[in-house]
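>>> Coordinates only, no sequence provided:
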Ligand SMILES: N[C@@H](CCC(=O)N[C@@H](CS)C(=O)NCC(=O)O)C(=O)O
């Protein structure tokens, strides 16, 4: 398999899950602005929408869109238990959570990365939007569960972690959401997460 990624971007969720599953894979760092991949490919030929992640399986099938890519990966190793079985309430809960992270939490960070300057009023509004979505994560964790689906880690935790971790990079405080902060730290400490962050150049290899 090959994962097209940008350091620290949402594609890191798939990178973490590939590590969690121990599936052999290659990484191809992608410059989405230039539409070029490090290996010399024309990224728009691979993924016409021009954004990561794009996952190419060993049959040459290309998958995009985080919720689909993450479920595809989980389904490669069902025994690893990173997604509930198809046709169960648990699977619907996973899809519900993945869609929330994708269309609500992830997109609420969009203005920070769209390149335009934000004046104070706009920034306050954007931060409030992030806070509203973080409050949903906080409510989900309110019953003391360790992960978004319960006590078991699943693919949505990798995705939620990557997105919530952007808060620190863009200077948005999660102090009002202590369970969410503890959750981010919990997922950050997993060896598969550390390995992906080191490989993407986001942190030094811990001693
Ligand atoms: N709907 C897509 C969105 C993916 C996305 O927003 N990717 C960002 C990185 S987090 C990206 O590649 N942006 C570059 C661009 O749009 O040019 C998904 O869920 O996979």
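Sure thing, it's come through. What you are looking at is a predicted structure, and each value in this text was computed from that prediction instead of being measured.

>>> Excluding sequence neighbours, find me the nearest residue to the most centrally placed residue in the chain.
The residue lying closest to the centre of the chain (Cα atoms, centre = their mean) is residue 159, at 2.7 Å. Counting by Cβ to Cβ, 6 or more residues apart in numbering, residue 13 is the residue found nearest to residue 159 once chain neighbours are left out, at 4.0 Å. For the C-beta atoms, the positions are set from N, CA and C on the backbone; glycine is no exception.

>>> With residue 152 instead?
Here the residue nearest residue 152, using Cβ to Cβ, 6+ apart, is residue 81, at 6.5 Å.

>>> Now the top strand by length along the chain: buried residues?
For the chain, the longest strand by residue count, based on DSSP state E, is strand 26-31. By 16 or more other Cβ atoms under 10 Å, the buried positions in strand 26-31 come out as 27, 28, 29, 30.

>>> Kindly report the same for stretch 111-121.
So stretch 111-121, judged by 16+ other Cβ under 10 Å, has buried residues 111, 112.

>>> got the contact list for it?
Residues outside stretch 111-121 that contact it (Cβ atoms under 8 Å, 6 or more residues apart in numbering) are 122, 126, 166, 170.

>>> same check, this time on stretch 53-72
Residues contacting stretch 53-72 (Cβ under 8 Å, 6+ apart): 1-5, 9-11, 13-14, 17, 30, 43, 46-47, 49, 51, 73, 83, 94-95, 98-99, 101-102, 106, 155-156, 158-159.

>>> how close does the spatially closest residue to residue 12 that is not a sequence neighbour get to residue 53?
Distance criterion Cβ to Cβ, 6+ apart; nearest residue to residue 12, sequence neighbours excluded, is residue 162 at 4.8 Å. Going from residue 162 to residue 53 by Cβ to Cβ, to the nearest Å gives 10 Å.

>>> if we can go back for a sec, name every strand pairing with the longest strand of the chain and say which way it goes.
Applying DSSP bridges to the sheet, strand 26-31 is found paired with strand 2-5 (parallel), strand 36-37 (antiparallel).

>>> Would you mind listing the buried residues in the biggest helix by length in the chain?
Longest helix of the chain, by residue count under DSSP state H: helix 120-140. For helix 120-140, the neighbour count (16+ other Cβ under 10 Å) marks 123, 126, 127, 129, 130, 131, 133, 134, 136, 137, 138, 140 as buried.

>>> That'll do, ta.
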